[in-house]
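# Starting from these lines, generate the structure:
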Amino acid sequence: MPTTKSKHPWGRPLAFKTAEELQKKIDAYFLSCFDTKDTTKRIKPFTITWLANFLDTSRQTLINYEDKSLEFFVTIKRAKGKVEEDIENWALMSSYNPTSAIFNLKNNFGWVDKQEI
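Residues are numbered from 1 along each chain as shown. I've put the predicted structure just below:
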């Protein structure tokens, strides 16, 4: 669960002052994945790495934002959930390479293979 205090208060200040500011930039990222002339046509998939690059940060920094405060935790979790849902949906429709979808879901979203013996 996220904390309200930073573990390292002397660290680099956050690029986003509020969750609302971050949410606006996240919304712009998702819109950028669609054709500007035909908003029903997707031109690229949703990914955590592209989201982080769009926010001018790294994938790990984006993940670290979840630990900053409950406000950022909810915003980032919602964005990651949208990316996760997209990957799962496209994988089920055979539009993604199954191996890359599995790798992505395991490494970015905590999915695991469960074997029962």
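# what residue lies at the spatial centre of this structure?
In the chain, the residue lying closest to the centroid (Cα atoms, centre = their mean) is residue 80, at 3.4 Å.
# give me phi/psi at it?
Per-residue torsions, residue 80: phi -60, psi -40 (degrees, to the nearest 10).
# and it, what does it touch?
Going by Cβ atoms under 8 Å, 6 or more residues apart in numbering, residue 80 touches 48, 108-109. All C-beta spots, glycine's among them, are computed from the backbone N, C-alpha and C.
# Give me the neighbour count for residue 111.
Counted with other Cβ atoms under 10 Å, the neighbours of residue 111 add up to 16.
# Make sure I have this right: it is in a helix.
No: assignment of residue 111 by DSSP: H, G, I helix; E, B strand; the rest coil gives coil, placing it outside any helix.
# Just give the nearest non-adjacent residue to it, would you?
residue 105 (4.1 Å; Cβ to Cβ, 6 or more residues apart in numbering).
# Do a quick rundown of the strands in the chain.
Using DSSP state E, no strands are found in the chain.
# Pass me the low-pLDDT residue ranges in it, would you?
Along the chain, segments meeting pLDDT under 70 span 1-14.
# And the residue nearest to the centre of the chain, how close does it get to residue 19?
Here the criterion is Cβ to Cβ, to the nearest Å. By it, residue 80 lies 14 Å from residue 19.
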